[in-house]
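[1] I would like to see how this sequence folds:
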Amino acid sequence: MSGGDRVGLAWRDELAAQIFLHLDSIDHLEIIVEREMSASHRRLDALRDLACQIPLSLHGVSLGLASSVNVSDARLERIARLVERVQPDHWSEHLSFVRAGGIEIGHLAAAPYAPPTLAGALRNLERVREVVGALPQLENIATLLTPPGSCWTESEFICRVLRGADAAMLLDLHNLYANACNSDGDLFAILDSLPLERVASVHLSGGHWEDGPDGRSRLIDDHIHDPPPRVYKLLEALAFKVPQHLTVIIERDGRYPDFAALLEQIARARGALASGRTRRRVTELQQVA
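    Model (predicted):
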């Protein structure tokens, strides 16, 4: 990779043997926080050893940062212990709503893009900083609708949170793609509307089209299909638009293909990054000439 960009995989135990066999082809691994909360000392030691061999990040899925409900101190303390034990390159979490009144809704949802949610998210992030010692990179989520009560767009809300907390972004390009498809939005205009200067990491994944009761098809982010071509085009566009190094992670949660196919996806992501970087350098040279 040129320019310090990295491309890797989300760790899944089902892929462990092949990951170890092909570490020389993988730049980064991402570990799910919740799967390691109750891990044995032996497993945590193994993760720490792995973090010494290859850049490794921790990725959370259940904090519920985008909410007027306060995040759990007990949950934060467990994350803090995990971060301290594993010593990851960085950690990340979704900018989402997941619970209220003691009820877990069972998935990542978008809360209203409105001042009360912004205030709650910023308060939660300040508490995260106090307990864990470092803010997570914040990930955009997939949603089938604009939350009722919203007064901003998703991009405006994300910008306000990231800038208000002075946080970095984990940009999920398939989530962006799915939201654009489902809202008939302009894919690359939405990309441009985000605070791209804050993007540090990228997720690539896939999904499937599903017919709704209204007869309209919607793109569902499911992590069990290959990233579609438009997602790689988005990655190329991002690499053209930003100067900072990017860590790109390919996510897969089931229906695992032959590992050679995942290595091919890593190579394709590297190619998209390289193409975007080359175009950027050419443009910069033309501007100087």
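
[2] Note down every partner strand of the worst-scoring helix or strand of the chain on mean pLDDT and its orientation.
    Taking mean pLDDT, DSSP states H and E as the measure, the helix or strand of the chain with the lowest value is strand 103-109, at a mean of 78. Sheet pairing of strand 103-109 (DSSP bridges) gives strand 97-100 (antiparallel).

[3] Just the CA atoms of the strand it pairs with, as PDB, please.
    Output of strand 97-100 as PDB, limited to C-alpha atoms (Å, rounded to 0.1, in the frame of the first residue of the first chain):
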ATOM      1  CA  PHE A  97     -29.800   4.300  19.500                       C
ATOM      2  CA  VAL A  98     -30.100   0.800  21.100                       C
ATOM      3  CA  ARG A  99     -32.100   1.000  24.300                       C
ATOM      4  CA  ALA A 100     -34.400   3.100  26.500                       C
END
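
[4] picking that back up, let me know the next secondary structure element after the least confident helix or strand of the chain.
    Sequence-wise, the next helix or strand downstream of strand 103-109 (DSSP states H and E) is helix 115-132.

[5] by contact count, what packs against that next one?
    Applying 3 or more Cβ pairs under 8 Å, 6 or more residues apart in numbering; DSSP states H and E, we find helix 115-132 packed against helix 73-86, helix 154-165. For the C-beta atoms, the positions are set from N, CA and C on the backbone; glycine is no exception.

[6] give me that answer again for 10 Å
    Where contact means 3 or more Cβ pairs under 10 Å, 6 or more residues apart in numbering; DSSP states H and E, helix 115-132 is packed against helix 73-86, strand 90-94, strand 97-100, helix 154-165.

[7] quick one: low-confidence ranges for the stretch 151-289 of the chain?
    In the prediction, the stretch 151-289 of the chain carries no residues with pLDDT under 70.

[8] returning to that earlier point: chain center to the least confident helix or strand of the chain: distance?
    18 Å (Cα atoms, centre = their mean, to the nearest Å).

[9] ok, longest helix in this protein?
    Scanning the chain for the helix with the most residues, using DSSP state H, yields helix 259-288.

[10] May I see the helices and strands packed on helix 115-132 organised as a markdown table, with distance to residue 235 and mean neighbour count added?
    Listed next are these as a markdown table, based on distance: least, Cβ to Cβ, whole Å; neighbours: other Cβ atoms under 10 Å:
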| stretch | distance to residue 235 | mean neighbour count |
| --- | --- | --- |
| helix 73-86 | 27 | 16 |
| strand 90-94 | 17 | 24 |
| strand 97-100 | 27 | 19 |
| helix 154-165 | 18 | 19 |
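
[11] do you know which of these lies nearest residue 59?
    Nearest of the helices and strands packed on helix 115-132 to residue 59, taken as Cβ to Cβ: strand 90-94 at 5.0 Å.

[12] Provide a list of residues in contact with residue 23.
    Residue 23 makes contacts with 8, 29, 50, 53, 54, as judged by Cβ atoms under 10 Å, 6 or more residues apart in numbering.

[13] Take those residues and write them to JSON lines, including distance to residue 17.
    Listed next are these as JSON lines, based on distance: Cβ to Cβ, whole Å:
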{"residue": "8", "distance to residue 17": "17"}
{"residue": "29", "distance to residue 17": "14"}
{"residue": "50", "distance to residue 17": "14"}
{"residue": "53", "distance to residue 17": "16"}
{"residue": "54", "distance to residue 17": "16"}
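
[14] Give me the buried entries from those residues.
    Buried subset of the contacts of residue 23 (neighbour count, 16 or more other Cβ atoms under 10 Å): 8, 29, 50, 54.

[15] and which of these is nearest residue 169?
    Nearest member of these to residue 169, counting by Cβ to Cβ, is residue 8, at 17.8 Å.

[16] Tell me the bridge partners for that closest one.
    Going by DSSP bridges, residue 8 forms beta bridges with residue 249.

[17] Test my guess that it contacts residue 246.
    No. With contact defined as Cβ atoms under 10 Å, residue 8 does not count as touching residue 246 (11.4 Å).

[18] I'm done for today, thanks for sticking with me.
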